[in-house]
Structure formats: C-alpha cells, structure tokens
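Colleague: After the sequence you'll find the predicted model.
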Amino acid sequence: MNKFLIVTADDFGLHEAVNEAVEKAARAGTLTAASLMVSAPAAADAVRRARLVPRLRVGLHLTLADGRAELPPEAIPHLVDGSGRFGGRGGPRGLAHEGVRWFARPAVRRELAAEIRAQFRAFERTGLLLDHVNAHKHLHLHPTVLGLILEIGLEFGMRAMRLPAEPLWFARRCASVRRGAPAARGVPIAPVLSAAGLAPWLGLMRRRLGAAGLGYNDHVFGLAASGAMDEAALLAILERLPQGATEIYLHPATRSGEVIAPRMPAYRHADELAALLSPRIAMAMALCGTERGGFLDLASAGKLRPGTASSSRNA
C-alpha cells in the first residue's frame, strides 16, 4: 500500500449543528468517515443523516469522560454523577485521576466494562456497519480501557481502531502558529506532545491491535490542532501526506464554540467545516492521487489483517 486517506469527523451526534456539517462535508466528498457518540443529545439525528449518505463510514466514538453515559447512574455509580455525566471534566488532572481509578479499583473496572458494552450495543442497534472505534479524548490509549475495548469490541464486529500517532513535524508547526497568532484569537492548539513520552503507549497499542488482528492507521493528524483544523492546516498536511494509512480528524459544525459544548469555547467548528468544503482542499486531495474511504475500506488496500474479528457478528 502506498497512501490511503481517511478524513473523519469526531463528535457525530453531539449537536445537530455537528450532524448537519457532517452530512454537508460527506456529500461534498471530502469527509469519508464520522465517529458517533451514541449517548449524545443528537445521536438519533446523526443516525438518520448517516443513512442518507450511504458512502459515509461510521464508527463508535466511545465516551468515558466529559459526556453522558449510556447506562443509568444507578448502574455505574462509581463512574457518573446523579445526572449520568462522567467525571474527568476538569482537564488532564481530572482524567489522570479517573485513569488511576480504572486501573486500581475492580468495582470501577466492572462498571467501565458494562458501560463500554452498553455503548457497543447501542451502536449495534443503529443498524449501521461498524467502521472503526476510538474514544473521546483518546482514552483508548489507557491500557485498561484498551484491554476492555479489545475484549468487548471483537464481540460486536470491531475490525479497526484509531492509533493516535501524530507526526512530530505537525505538532511543531502548530506550536509555531500558536506563537504567531494574536492572543485574542484564542486558537485552541494543544502543547506539543512528548514523542518520547507517548512512544511506549503507542508501541503497546500497536502490539495489542496486531495481536487482535485489528486494522489501524499509520499516522493521524488532529491532536495538536484540535478545534483549529482550518484550511491552512489541511493544506499543510496534504502537501506532506506520508506513505501508509493516514487519518485526519476534525470537529466540524455549522456553528462554533460553547454553543456546541461548554468545554469547547474556543473551538472553531465552522472554520473546520469551511475547510472541508473548500475548493482548494478538494483540489489538493485530488492531486494527492491517494485512495480515500473509511477504515473498513483499508481491507481492499491490504491494510486490515485477518484475525479474531473476522468471525464476529458484524464481520
């Protein structure tokens, strides 16, 4: 395989403005996949729209923080508050605390497994083909979460997952843009992640995905510029599109900021949609001469390897 490009919209189902953007970009041909939050407020609308665009590949965006659970609060009291919302909303420290609890407390792990299974089951009820699995805030990198996803997901036909391995040059570019941007603009670009710090976790994830016979991308773009994947960012990626399978993920919507979610006040959702609808981006994608599609389309390009997933219900 030379080059294969997957362009994904995360948070499908979070808001009707997100769903509208996904449908528009998919019809335009630039967006090839979307990750569905099955318990989000506009999930039913997202499923309805997905059925209108059969070529759009849809996967499961597991939500285990900063969102609402599928199970009722009384079934998972260690994970959610009385309204059914997860903990871990306080940024990295809050998520780190949740991660320790998932690893160290058997009762919490049992509830986590039950919730993950419930979200897979909710996706199954949509009748959509499961293209891929990832997790909100990339929590599938956590070894405990990853282990549960592998154990449970294979029962539901999971065949591919996102590997959040972003080339360092793009993170450096984002840091440079951030330094040169006016402070008032509020570009939500994350700090450059330590390649040395992430490498062991990514290596472990690659080994576990390979052992499970699952497909995955070689590269991803979207971490360092989350909420700011505008036309300039996409053009920079397409100009240097690497060999192998690349996933570019975005958060497009017809409206921007905290109207979509309180935790996204500086996200430029509408700019990301504009990028996906840009003639310059469409031309750049065409000039790349690369195959495009979803994760399951990687099978025809020779990326997905046969494994235990092949005998599951949706295979």
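Modeller: It's in.
Colleague: C-alpha only now, for contacts and for neighbours.
Modeller: Noted.
Colleague: next SSE after the host helix or strand of A232?
Modeller: Using DSSP states H and E, the element containing A232 is helix 231-239. Counting by DSSP H and E, the element after helix 231-239 in chain order, helix or strand, is strand 244-250.
Colleague: who's in contact with that next one?
Modeller: When contacts are defined by C-alpha atoms under 8 Å, 6 or more residues apart in numbering, strand 244-250 is touched by residues 1-10, 217-222, 226-227, 229, 272, 298.
Colleague: next one: stretch 66-86
Modeller: With C-alpha under 8 Å, 6+ apart as the test, stretch 66-86 has contacts from 38-40, 63-65, 87-89, 107-108, 111-112, 115, 118-119, 122.
Colleague: Enumerate the positions of that stretch that are buried.
Modeller: Within stretch 66-86, the residues that qualify as buried are 66-71, 73, 76, 78-80, 84-86, counting by 16 or more other C-alpha atoms under 10 Å.
Colleague: average pLDDT for that stretch?
Modeller: Mean pLDDT, stretch 66-86: 93.
Colleague: if we can go back for a sec, okay if I get the buried residues of stretch 66-86 as JSON lines plus secondary structure and distance to L241?
Modeller: Converted to JSON lines, these look like this (DSSP: H, G, I helix; E, B strand; the rest coil; distance: C-alpha to C-alpha, whole Å):
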{"residue": "D66", "secondary structure": "coil", "distance to L241": "32"}
{"residue": "G67", "secondary structure": "coil", "distance to L241": "33"}
{"residue": "R68", "secondary structure": "strand", "distance to L241": "36"}
{"residue": "A69", "secondary structure": "coil", "distance to L241": "36"}
{"residue": "E70", "secondary structure": "coil", "distance to L241": "37"}
{"residue": "L71", "secondary structure": "coil", "distance to L241": "40"}
{"residue": "P73", "secondary structure": "helix", "distance to L241": "44"}
{"residue": "I76", "secondary structure": "coil", "distance to L241": "43"}
{"residue": "H78", "secondary structure": "coil", "distance to L241": "43"}
{"residue": "L79", "secondary structure": "coil", "distance to L241": "40"}
{"residue": "V80", "secondary structure": "strand", "distance to L241": "40"}
{"residue": "G84", "secondary structure": "coil", "distance to L241": "41"}
{"residue": "R85", "secondary structure": "strand", "distance to L241": "38"}
{"residue": "F86", "secondary structure": "strand", "distance to L241": "36"}
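Colleague: Identify the residues contacting the residue nearest to P41 when sequence neighbours are not counted.
Modeller: Once flanking residues are discounted, P41 sits nearest to L14: 5.9 Å by C-alpha to C-alpha, 6 or more residues apart in numbering. Going by C-alpha under 8 Å, 6+ apart, L14 touches M37, A40, P41, A42, A43, I260, A261.
Colleague: which residues does the third one contact?
Modeller: Right, the one you point to is P41. Residues counted as contacts of P41 (C-alpha under 8 Å, 6+ apart) are G13, L14, H15.
Colleague: Just want to check the distance between it and G293.
Modeller: Computed as C-alpha to C-alpha, to the nearest Å, the P41 to G293 distance reads 27 Å.
Colleague: And for the first one?
Modeller: M37 sits 20 Å away from G293 when distances are taken as C-alpha to C-alpha.
Colleague: When these two are compared, which one has more neighbours?
Modeller: M37 (29 against 21; other C-alpha atoms under 10 Å).
Colleague: so where is the stretch 101-250 of the chain shaky, pLDDT-wise?
Modeller: By pLDDT under 70, the low-scoring segments of the stretch 101-250 of the chain are 101-104, 178-197.
Colleague: Tell me where it has helices.
Modeller: Here the stretch 101-250 of the chain has its helices, by DSSP state H, counting those that start in this stretch, at 106-126, 143-153, 168-180, 195-211, 231-239.
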